[in-house]
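A.B. asks: The sequence and its predicted three-dimensional model are supplied below.
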Amino acid sequence: MNLMVIDETKCRHDGICASECPLSLINQPDKNNLPSERETAEELCIRCGHCVAVCPHGALSLRSMSPKDCLPHEDDLRPSTEQAKYFLQSRRSIRVYRDKPVNRKTIAKIIDIARYAPSGHNNQLVEWLVIYDKKDVQNYVSMVIDWLRFMIKEYPEMAADFHMDLLVKAWEDGNDRVCRNAPHIIIAHGPEQNMMIQNTCTIAMTYLELAASSMHLGACWAGYFNRAAANWPPLKQALGFPEGNSAFGAMMLGHPKYKYHRIPLRNEAKIIWK
């Protein structure tokens with residue numbers, strides 16, 4: 001069975017699909033022949049769907065994907081350059097949250113958007129863990145504090161560089177500076193032996209944060225939580241990742257308590273042109 005199917009009644013022999021294929025797995029058509037897959041296509045195709053998405057005529061289908069399965073591009077929904085600029089510049093890392101949970105369906109929608117983030121060779125290896133209940137978040141934060149105490153004792157110089165003692169003291173004083181009393185934590189995890197998984201999870205988590213911002217929700221990278229989740233055996237075991245998986249990103253999520261009124265300044269970009 002062929003990997004690729006061409007609808008002869010729709011194909012215009014324009015070769016767009018062949019030009020677009022990232023791995024050059026489609027033979028260029030001519031006026032007498034339809035585009036066809038190369039012998040190595042079944043083995044090398046990464047199922048990215050570029051060929052399906054780029055055909056103006058909806059003539060090409062993959063065995064796993066047809067034009068009718070895919071959402072259409074709607075230019076009216078694309079933000080203008082100024083809108084995109086404002087959206088990205090106005091994004092803030094939120095560290096103060098209202099005592100109100102985010103609807104589970106909304107969190108699922110955010111993750112659904114994040115799954116469209118690019119990944120190396122379209123590996124799509126990111127898996128998600130949502131710590132939904134705020135009490136559970138705090139229980140896991142207490143385990144992060146145990147890790148911080150371990151780091152202070154065993155690696156004092158590193159602990160000092162990252163001010164871990166201040167986080168422990170704040171916790172002992174009743175203040176959570178690890179996850180800022182966020183109602184939810186979302187963790188991106190995947191197979192730790194995959195050489196691309198760190199970048200894949202980081203990009204997906206960036207999509208997640210921007211998607212949250214578009215819904216007027218607050219998010220913030222939970223770096224201490226993520227390091228502990230990846231390196232502190234008691235926490236890693238408690239989180240219950242599948243065998244071979246590890247955490248590669250953690251994000252606080254909740255309703256912002258305050259509204260920002262200005263976009264703070266940032267350093268000018270340092271650019272080298274060659």
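C.D. replies: Cool, the structure landed.
A.B. asks: give the contact list for Gly254.
C.D. replies: Residues counted as contacts of Gly254 (Cβ atoms under 8 Å, 6 or more residues apart in numbering) are 94, 97-98, 100-102, 182-184, 217-218. Bear in mind the C-beta positions are built from the backbone N, C-alpha and C, glycine included.
A.B. asks: State the distance from it to His216.
C.D. replies: 11 Å (Cβ to Cβ, to the nearest Å).
A.B. asks: Arg91 too?
C.D. replies: Between Arg91 and His216 the computed distance is 12 Å (Cβ to Cβ).
A.B. asks: Tell me which of these two has more neighbours.
C.D. replies: Neighbour totals were compared for Arg91 and His216, and Arg91 leads with 16 against 9 (other Cβ atoms under 10 Å).
A.B. asks: Figure out the helix or strand that the residue lying closest to the more buried one once chain neighbours are set aside lives in.
C.D. replies: Closest residue in space to Arg91, ignoring its immediate chain neighbours: Ser213 at 4.9 Å, by Cβ to Cβ, 6 or more residues apart in numbering. Per DSSP states H and E, Ser213 falls inside helix 197-214.
A.B. asks: quick one: contacts of that helix?
C.D. replies: 87-88, 91, 109-111, 113-120, 123, 125-126, 186, 188-191, 194, 218-219, 221, 248-249, 251, 253.
A.B. asks: What subset of those is buried?
C.D. replies: Members of the contacts of helix 197-214 that pass the buried threshold by neighbour count (16 or more other Cβ atoms under 10 Å) are listed as 91, 110-111, 113-114, 117, 119, 125-126, 186, 188-191, 218-219, 221, 248-249, 251, 253.
A.B. asks: Return the subset of those residues lying in strands.
C.D. replies: Secondary structure from DSSP state E places 186, 188-191, 218-219, 221, 248-249, 251, 253 of those in strands.
A.B. asks: Just send these back as a markdown table, with pLDDT and distance to Glu37 too.
C.D. replies: As requested, these are exported to a markdown table (pLDDT from 0 to 100; distance: Cβ to Cβ, whole Å):
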| residue | pLDDT | distance to Glu37 |
| --- | --- | --- |
| Ile186 | 98 | 39 |
| Ala188 | 98 | 33 |
| His189 | 98 | 34 |
| Gly190 | 98 | 30 |
| Pro191 | 97 | 29 |
| Gly218 | 97 | 47 |
| Ala219 | 98 | 42 |
| Trp221 | 98 | 42 |
| Phe248 | 98 | 34 |
| Gly249 | 98 | 36 |
| Met251 | 98 | 40 |
| Leu253 | 98 | 43 |
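A.B. asks: now the strands: where do they sit in the stretch 1-150 of the chain?
C.D. replies: Under the criterion DSSP state E, counting those that start in this stretch, the stretch 1-150 of the chain contains strands at 4-6, 26-27, 36-37, 60-62, 127-131.
A.B. asks: what's the nearest residue to Arg177 if we skip its chain neighbours?
C.D. replies: Excluding the flanking residues, the one nearest Arg177 by Cβ to Cβ, 6+ apart is Ala170, at 4.4 Å.
A.B. asks: Okay, helices next: where are they in the stretch 51-200 of the chain?
C.D. replies: Remark: helices assigned in the stretch 51-200 of the chain by DSSP state H, counting those that start in this stretch are 81-90, 104-114, 134-154, 156-161, 164-172, 197-214.
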